[in-house]
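Engineer: Got a sequence here, can you model it:
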Amino acid sequence: MTREEEYAVVERVRAGDTDAFEALVTAYQKQIYNLTLRYVTLPEDAADLTQEAFLRAYRSLDSFRGDSRFSVWLYRLATNICIGFLRSRSRGTASSLTVENEDEEIEELDVPDARFEPQKELERLELQRAVREGLRLLSEDAREIVILRELEGLSYAEIGERLSLEAGTVKSRLFRARKALCNYLRESGNIPDGFSSDKKTSGGEKE
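Structural biologist: Okay, here's the model as predicted:
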């Protein structure tokens, strides 16, 4: 769906044609599900968060100003929902363990779930925040091409078809966008100085 088509659907929904929103769900449901699945790993959680993302997008449609593509706005919204989900889960993750005390009475102890250690979770959330901020600072064209490649997992040919660009142009723009994003992450202390933004297409990266 092109940017113009997205905006036309949004305007129809705003005008009262609520059924038109289904076109946006159909166009981006798979991509948003794949995005949420990267955050939460469990398919049932990803499905719930995907539904929440579209529901919130529908309710917040009046706040969509059209500064970026609807799909970019939707991805950002879904990402924030996933982060909120992880934060709430990390605050209350504990398992019950039944034990017998010295008086031979049964007690239940709360055992913290090590999968969501606060420090590790905070580090991951900080990196996600830094990536979102870095993406926000990119130009709209650069941000869109990174999202299509890194989040949607599209090939160069698929991105070129989506954006009406030659594959070579896609590669060069993606290289510059990755480099700018990595420079921001390095300067903000979120990746080590030795990290390289250069990805070799011959090393297994999908063309």
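Engineer: Skip the chain neighbours and tell me the closest residue to residue 1.
Structural biologist: Leaving aside its chain neighbours, residue 1 sits nearest to residue 27 (4.5 Å; criterion: CB to CB, 6 or more residues apart in numbering). Any C-beta I mention is one placed from the backbone N, CA and C, and that applies to glycine too.
Engineer: That neighbour: helix or strand, and which one exactly?
Structural biologist: Taking DSSP states H and E as the criterion, residue 27 maps to helix 21-40.
Engineer: Counting by contacts, list what that helix packs against.
Structural biologist: helix 3-14, helix 43-59, helix 70-91 (3 or more CB pairs under 8 Å, 6 or more residues apart in numbering; DSSP states H and E).
Engineer: can you redo those as CSV with mean pLDDT and mean neighbour count?
Structural biologist: Listed next are the helices and strands packed on helix 21-40 as CSV, based on pLDDT from 0 to 100; neighbours: other CB atoms under 10 Å:
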stretch, mean pLDDT, mean neighbour count
helix 3-14, 91, 15
helix 43-59, 92, 16
helix 70-91, 81, 18
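Engineer: Kindly present the ones you listed as CSV, with separate columns for distance to residue 136.
Structural biologist: Below are these laid out as CSV (distance: least, CB to CB, whole Å):
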stretch, distance to residue 136
helix 3-14, 18
helix 43-59, 18
helix 70-91, 8
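Engineer: so which of the ones you listed gets nearest residue 178?
Structural biologist: helix 70-91 (17.0 Å; CB to CB).
Engineer: tell me the angle the closest one makes with helix 21-40.
Structural biologist: If you take axes from the mean of the first three to the mean of the last three CA atoms, to 10 degrees, helix 70-91 sits at 40 degrees to helix 21-40.
Engineer: Can you tell me what sits against helix 70-91?
Structural biologist: 1, 3, 6-7, 9-10, 24, 27-28, 31-32, 35-36, 39-40, 45, 49-50, 52-54, 56-57, 60, 64, 116, 118, 121, 124-125, 128-129, 132, 140, 143-144, 147, 151 (CB atoms under 8 Å, 6 or more residues apart in numbering).
Engineer: if you set the cut-off to 6 Å instead, what comes out?
Structural biologist: The contact list for helix 70-91 (CB atoms under 6 Å, 6 or more residues apart in numbering) reads 6, 28, 32, 35-36, 39, 49, 52-53, 57, 64, 116, 121, 147.
Engineer: what's the distance between stretch 130-150 and the middle of its chain?
Structural biologist: The chain centre lies 11 Å from the centre of stretch 130-150; the measure is CA atoms, centre = their mean, to the nearest Å.
Engineer: which residues of the protein score low on pLDDT?
Structural biologist: 89-125, 190-207 (pLDDT under 70).
Engineer: try it again with 50
Structural biologist: 92-116, 192-204 (pLDDT under 50).
Engineer: neighbours around the nearest residue to residue 137 once chain neighbours are set aside, how many?
Structural biologist: The shortest distance from residue 137 to any residue other than its chain neighbours is 6.4 Å, reached at residue 184 (CB to CB, 6+ apart). Neighbours of residue 184 under the rule other CB atoms under 10 Å: 19.
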